[in-house]
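Trainee: Sequence and predicted structure, then a few things I'm wondering about:
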Amino acid sequence: MIALLSGGVGGSRLAAGLYDLLGERLVVIVNTADDEVIYGLYVSPDVDTVLYTLSGIGDWERGWGIRGDTFSCNETIGRLGFENWFRIGDMDLAVNLLRTMMLSEGRSLSHVTEELARRMGLKCKVLPMTDHRVVTQVVTPEGPMSFQEYFVKREAKPEVLEIRRVRSPHERPAPGVIESLNSARAILFAPSNPILSVRPILETNGVEEAIRGSRAVNVAISPLVGGRALRGPADRLLRSFGYQSGVIGVAQFYDGLIDGLVIDRADADHEQVIRSKFGIEVLVTETVMTSRGAAKRLASEVLDFAARLGRVRD
Ligand code: GDP
Ligand code: CA
């Protein structure tokens, strides 16, 4: 079994490639720190991006929502004079209505996610990192704002001074998360935003300890290509939070947690430094997943790399 820690767009792309190779032997553990209640609906953007992308109904290019979706509801909300910057498509809305309905009936987020995954025909496990609500607030020079206000309304443009996360002291990882980490042959860190997507998973009570204690081979895939995020603020945020710029900052972020790092050809210059300075093995390859086929090819290289590292370590 292979476990993948994932955010939305970068994570779901690699997840799809892995799924095509592994099927039910894949477990995806997904960030829920971006979840928000919008129009009374419980929206879990990274979970949905993973569900949609794996099941093939996602919009690969856009990286969120359902392919071919329409936005009548969203436009109507705007015409009625309400804020509609958080765009939920009409088909996407159906999923969010059903999630909210099931949650209001008292079912857990992991239950609901399992149900949705099953109905979308998925064979692998998709687990939210926790069933407890995590609320993220971003402090900017303009003041504090909700995560989606920062990320969607303000397009992640403001400088980030601080990220505040309100988490329950009773928080536990969702059922299956620790078990998967304990039994995984490899634990993979998707090319997701380290600060916004990966860190909240690691900060879920017991997750980082489980990863450190596991016998798995741990491999991260850099979300930066040529030192820059393909989209979103990953490069800027790593620097704001004290990491060096470019892939060296990614290596620094994962230092002590991983055996191997996969970097893009555009960053090949840094290969030796990452090896010598951090003692991390490096695979240099094409990491931009322009299609599901490209994702499958990268996933296959990542699995081969992890298997090689496993043998080296044994
Ligand atoms: P979000 O939750 O939708 O913001 O998505 P993630 O946190 O999973 O991923 C965001 C990161 O994915 C960005 O830093 C992108 O650079 C990275 N990313 C997106 N597509 C790709 C890709 O095809 N290859 C790589 N290496 N990174 C990608
Ligand atoms: Ca996200």
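Mentor: Thanks, I have the structure now. All figures in this text were calculated on a predicted structure; none of them were measured in a lab. Numbering: from 1, shown residues only. Ligands and ions are numbered 1, 2, ... in the order given.
Trainee: Check which residues of the strand or helix carrying E179 are buried.
Mentor: Assigned by DSSP states H and E, E179 belongs to helix 177-183. For helix 177-183, a neighbour-count test (16 or more other Cβ atoms under 10 Å) marks V177, I178, S180, L181 as buried. In short, each C-beta sits where N, CA and C put it, glycine included.
Trainee: Restrict it to CA atoms and write it as CSV.
Mentor: Extracted in CSV, the C-alpha atoms of helix 177-183 (Å, rounded to 0.1, in the frame of the first residue of the first chain):
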residue,chain,number,x,y,z
VAL,A,177,-5.0,7.8,8.5
ILE,A,178,-2.6,6.5,11.1
GLU,A,179,-3.2,2.8,10.1
SER,A,180,-2.4,3.7,6.5
LEU,A,181,0.8,5.5,7.5
ASN,A,182,1.9,2.6,9.7
SER,A,183,1.4,0.0,7.1
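Trainee: name the helices or strands packed onto the helix or strand just after that helix?
Mentor: Of the helices and strands lying after helix 177-183 in sequence (DSSP H and E), the nearest is strand 186-189. When contacts are defined as 3 or more Cβ pairs under 8 Å, 6 or more residues apart in numbering; DSSP states H and E, strand 186-189 sits against strand 2-6, strand 217-221, helix 292-313.
Trainee: Let's have these in CSV, adding mean neighbour count.
Mentor: Shown next, in CSV, are the helices and strands packed on strand 186-189 (neighbours: other Cβ atoms under 10 Å):
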stretch, mean neighbour count
strand 2-6, 28
strand 217-221, 26
helix 292-313, 17
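Trainee: Which one, of those, ends up nearest to ligand 2?
Mentor: strand 2-6 (9.4 Å; Cβ to the ion).
Trainee: first vs last residue of stretch 186-205, how far apart are they?
Mentor: Taking Cα to Cα, to the nearest Å, stretch 186-205 runs 21 Å from one end to the other.
Trainee: same question, stretch 156-174
Mentor: 28 Å.
Trainee: returning to that earlier point: the buried residues of helix 177-183 into JSON lines, with extra columns for distance to N31 and pLDDT?
Mentor: Output for the buried residues of helix 177-183, formatted as JSON lines (distance: Cβ to Cβ, whole Å; pLDDT from 0 to 100):
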{"residue": "V177", "distance to N31": "12", "pLDDT": "98"}
{"residue": "I178", "distance to N31": "16", "pLDDT": "98"}
{"residue": "S180", "distance to N31": "15", "pLDDT": "98"}
{"residue": "L181", "distance to N31": "15", "pLDDT": "98"}
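Trainee: what's the angle from the lowest-mean-pLDDT helix or strand in the chain to strand 217-221?
Mentor: Least confident helix or strand, the chain: helix 292-313 with a mean of 94, by mean pLDDT, DSSP states H and E. Going by axes from the mean of the first three to the mean of the last three Cα atoms, to 10 degrees, helix 292-313 is angled at 140 degrees with respect to strand 217-221.
Trainee: helices or strands up against helix 292-313?
Mentor: helix 9-22, strand 186-189, strand 217-221, strand 260-264, strand 281-285.
Trainee: The ones you listed: which one's closest to ligand 2?
Mentor: Here helix 9-22 is closest among these (Cβ to the ion), at 7.7 Å.
Trainee: Check the burial of R164 by counting its neighbours.
Mentor: Neighbour count of R164, defined by other Cβ atoms under 10 Å: 11.
Trainee: What backbone torsions are found at the most far-flung residue of the chain relative to its centre?
Mentor: When distances to the mean C-alpha position of the chain are computed (Cα atoms, centre = their mean), the maximum falls on L80, with 33.9 Å. L80 adopts backbone torsions of phi -80, psi 0, taken as degrees, to the nearest 10.
Trainee: Distance-wise, check it relative to L309.
Mentor: Per Cβ to Cβ, to the nearest Å, L80 is found 56 Å from L309.
Trainee: and if you look at D269?
Mentor: On the measure of Cβ to Cβ, D269 and L309 end up 22 Å apart.
Trainee: will you turn the buried residues of helix 177-183 into JSON lines that also has distance to R99?
Mentor: JSON lines is the format used below for those (distance: Cβ to Cβ, whole Å):
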{"residue": "V177", "distance to R99": "19"}
{"residue": "I178", "distance to R99": "24"}
{"residue": "S180", "distance to R99": "22"}
{"residue": "L181", "distance to R99": "25"}
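Trainee: Let me know the closest of those residues to P158.
Mentor: Taking Cβ to Cβ as the measure, P158 lies nearest V177 of those, at 32.1 Å.
Trainee: just checking, that closest one touches V207?
Mentor: Yes - using Cβ atoms under 8 Å, V177 makes contact with V207 at a distance of 6.7 Å.
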